[in-house]
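> generate a structure from the sequence data that follows.
(chains A and B)
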Protein chains: 2
Amino acid sequence: MTDAPIPILGGTGALGAGLARRWAQAGRPVVLGSRSAERAEEAAAKLREAVPGAEVEGLVNEEAAQRAEVVFLTVPFRAQSENLNNLREALRPGQILVDCTVPLAAAVSGKATRSLGVWQGSAAQQAQEMVPEGVTVVAALHTVGAPSLADPAVELDEDVLICGDRKADKARVARLVELIPGLRPVNAGPLETARIVEQLTPLLISVNVRYKAHAGIKLTGLPDGDHWQ
Amino acid sequence: MTDAPIPILGGTGALGAGLARRWAQAGRPVVLGSRSAERAEEAAAKLREAVPGAEVEGLVNEEAAQRAEVVFLTVPFRAQSENLNNLREALRPGQILVDCTVPLAAAVSGKATRSLGVWQGSAAQQAQEMVPEGVTVVAALHTVGAPSLADPAVELDEDVLICGDRKADKARVARLVELIPGLRPVNAGPLETARIVEQLTPLLISVNVRYKAHAGIKLTGLPDGDHWQ
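Predicted coordinates:
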């Protein structure tokens, strides 16, 4: 699967488009998913223009989801549940769905510096409940800012906290994360830890407003080396 | 108040003793508070021995709390409420109580990688509800590890996220935090944000176990300069 494309559902949104751009720059084929095939193809054309030579396809989410074993879901929380319903027939056992959703209160016209309580504990746990049996949810990429990803002049230097119940699944996601220079994947624990990690986004949004910055998270004191073997 | 001592209630515990040691090394007088005057004095004697020339007193918490306007509370969550009850007659309007409490599930024999839901939203908000009128709670120092503080060979390099409803109060706490080399105080928002910041401790504990590390938190992308003026 080394050269499998990377499907990004919600790839026309800010986070999805930013990730797509970074992976395309790293030379990886990318599949942008959207509710509308037309908008997906438009976004793909834009990315091909921004990154000459990039292999980018635009497809409806359900088709994009079938292009690789590891699939990223980068839709706003408001749309997460609808998207997961639509994916019920598209996802297959053995696939990994990487949920990047953050339950910001902005989903219900609240503040982006506050979050909603999700009954299952986190958006990622809600996703795990909704995916077909045999599909595994891993949570990641909540704290990487879309503006930083979108701007190729920004040198990233931050951690990506990855939550999931099996290290092997998290390691597969980690290998994709570390294709993007400046991102270090960190094993943040079981999927339930997503209830903490998802909260970092409203915290960073609040700091960003106050400091006029694009803050990221980094854990200090971790030993060097590859912890994903 | 530049040379006011720094009272640390629960100063015989791991976090309190570690902070006391660092402040003593920085040349600041410290008052260690404990439920027992005897244990407080024992801890003070130990610190005087460890840091020659250090100005350290050991007192019961209620007396220690009256030694300065800014007072640190570093007791375990299990004891927070009892301590705040005992402080009702000791704290005076105008004082700032810096709550460092983390509602770890370990308080009820659960895991230190999980947390308890606090009805008020966070331990700090519970503290704000319990202190006498006119006393302001600021939340800070949840993510700085006691083992790192206690070991003078460890060079700290991490952020301290400070939550509180008035910037001026947070700035007073920030000035004390930055007396400790390697700690950068960051304005993390209103007191309600403590419900996020307190959750970072179980996350770090979980990472520490996995990586055999003493992890801290750092925000990347913040502009340089003094943001506390």
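
> for chain A, which helix is longest?
Criterion DSSP state H: the longest helix present in chain A is helix A:37-50.

> wait, isn't A:Leu32 in contact with A:Glu57?
Yes: between A:Leu32 and A:Glu57 there is a contact under Cβ atoms under 8 Å: 7.0 Å. C-betas here are computed from N, CA, C, even on glycine.

> these two - which one has more neighbours?
More crowded of A:Leu32 and A:Glu57, by other Cβ atoms under 10 Å in any protein chain shown: A:Leu32, with 31 against 19.

> could you check how far the closest residue to that one other than its chain neighbours is from A:Leu176?
Sequence neighbours aside, A:Gly11 is the residue nearest to A:Leu32 in space, at 3.3 Å (criterion: Cβ to Cβ, 6 or more residues apart in numbering or on different chains). The gap separating A:Gly11 from A:Leu176 is 14 Å, by Cβ to Cβ, to the nearest Å.

> same question for A:Gly110.
32 Å.

> those two: which is more packed in?
Taking neighbours as other Cβ under 10 Å, A:Gly110 and A:Leu176 compare with A:Leu176 leading, 24 against 13.

> list the contacts for the one residue sitting closest to the centre of chain A?
With distances taken as Cα atoms, centre = their mean, A:Cys100 lies nearest the centre of chain A, 4.0 Å away. Applying Cβ atoms under 8 Å, 6 or more residues apart in numbering or on different chains to A:Cys100 gives the contacts A:Leu15, A:Phe72, A:Leu73, A:Thr74, A:Ala139, A:Ala140, A:Leu141, A:His142.

> in terms of contact, does the second one touch A:Leu19 like I think?
Yes: if you go by Cβ under 8 Å, A:Phe72 and A:Leu19 touch, sitting 6.8 Å apart.

> can you pull the residues that touch both of those two?
A:Ile8, A:Leu141.

> show me the helices in chain A, by range?
Using DSSP H, helices in chain A cover A:14-25, A:37-50, A:61-64, A:77-86, A:123-130, A:146-150, A:167-177, A:194-197, A:200-211.

> export these as a markdown table, with columns for mean pLDDT and distance to chain B.
Below are the helices of chain A laid out as a markdown table (pLDDT from 0 to 100; distance: least, Cβ to the nearest Cβ, whole Å):
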| stretch | mean pLDDT | distance to chain B |
| --- | --- | --- |
| helix A:14-25 | 98 | 15 |
| helix A:37-50 | 97 | 23 |
| helix A:61-64 | 98 | 31 |
| helix A:77-86 | 97 | 16 |
| helix A:123-130 | 98 | 14 |
| helix A:146-150 | 96 | 7 |
| helix A:167-177 | 98 | 9 |
| helix A:194-197 | 98 | 5 |
| helix A:200-211 | 97 | 4 |
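
> which strand residues bridge the nearest residue to A:Gln128 once chain neighbours are set aside?
Excluding the flanking residues, the one nearest A:Gln128 by Cβ to Cβ, 6+ apart is A:Val137, at 4.1 Å. A:Val137 has these beta-bridge partners by DSSP bridges: A:Leu97.

> need the per-residue pLDDT for A:Val137.
Predicted confidence (pLDDT) for A:Val137: 98.

> show me what contacts it?
A:Ile96, A:Leu97, A:Val98, A:Asp99, A:Ala124, A:Gln125, A:Ala127, A:Gln128, A:Val131, A:Gly164, A:Leu191.

> can you check A:Asn83 too?
A:Leu9, A:Gly10, A:Asn61, A:Leu73, A:Val75.

> which ones among the residues you listed lie within strands?
If you go by DSSP state E, the contacts of A:Asn83 have A:Leu9, A:Leu73 in strands.

> make a markdown table out of the contacts of A:Asn83 and add neighbour count.
Formatted as a markdown table, the contacts of A:Asn83 follow (neighbours: other Cβ atoms under 10 Å in any protein chain shown):
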| residue | neighbour count |
| --- | --- |
| A:Leu9 | 32 |
| A:Gly10 | 25 |
| A:Asn61 | 26 |
| A:Leu73 | 28 |
| A:Val75 | 25 |
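
> give the buried residues for stretch A:76-89.
For stretch A:76-89, burial by neighbour count (16 or more other Cβ atoms under 10 Å in any protein chain shown) applies to A:Pro76, A:Phe77, A:Ala79, A:Gln80, A:Asn83, A:Leu84, A:Asn86, A:Leu87.

> save those as a markdown table, and put in distance to B:Asp226 too.
Below are the buried residues of stretch A:76-89 laid out as a markdown table (distance: Cβ to Cβ, whole Å):
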| residue | distance to B:Asp226 |
| --- | --- |
| A:Pro76 | 36 |
| A:Phe77 | 36 |
| A:Ala79 | 41 |
| A:Gln80 | 40 |
| A:Asn83 | 44 |
| A:Leu84 | 46 |
| A:Asn86 | 50 |
| A:Leu87 | 49 |
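
> rewinding a little: quick check: neighbours shared by A:Leu32 and A:Glu57?
By Cβ under 8 Å, 6+ apart, the residues touching both A:Leu32 and A:Glu57 are A:Ala44, A:Ala64.

> picking up where we left off before, can you put the contacts of A:Val137 in TSV and add neighbour count?
Below are the contacts of A:Val137 laid out as TSV (neighbours: other Cβ under 10 Å):
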residue	neighbour count
A:Ile96	23
A:Leu97	24
A:Val98	29
A:Asp99	31
A:Ala124	33
A:Gln125	21
A:Ala127	27
A:Gln128	24
A:Val131	20
A:Gly164	28
A:Leu191	25
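
> greatest separation within those residues: which pair is it?
Spatially, the most separated pair among the contacts of A:Val137 is A:Ile96 and A:Gln125, at 15.4 Å (Cβ to Cβ).

> isn't A:Gln125 right up against A:Val118?
Yes: contact criterion Cβ under 8 Å: A:Gln125 and A:Val118 qualify, at 7.2 Å.

> which residues do the two both contact?
Common neighbours of A:Gln125 and A:Val118 (Cβ under 8 Å, 6+ apart) are A:Arg195.

> contacting residues for A:Glu129?
A:Gln120.

> now the longest helix of chain A and helix A:14-25, what's the angle there?
50 degrees (axes from the mean of the first three to the mean of the last three Cα atoms, to 10 degrees).

> any residues touching helix A:37-50, and which ones?
Residues contacting helix A:37-50 (Cβ under 8 Å, 6+ apart): A:11-12, A:17, A:20-21, A:24, A:30, A:32-34, A:54, A:56-60, A:64.

> make it 6 Å
A:Thr12, A:Ala20, A:Ala24, A:Leu32, A:Ser34, A:Ala54, A:Val56, A:Glu57, A:Gly58, A:Leu59, A:Val60 (Cβ atoms under 6 Å, 6 or more residues apart in numbering or on different chains).

> cool, and stretch A:158-172?
Against stretch A:158-172 from outside (Cβ under 6 Å, 6+ apart): A:70, A:96, A:136, A:138-141, A:173, A:177, A:183-191, A:193-194, A:197, A:216-219, A:228, B:220.

> repeat that with 7 Å
A:70, A:96, A:124, A:136, A:138-141, A:143-144, A:173-174, A:177, A:183-191, A:193-194, A:197, A:216-219, A:228, B:220 (Cβ atoms under 7 Å, 6 or more residues apart in numbering or on different chains).
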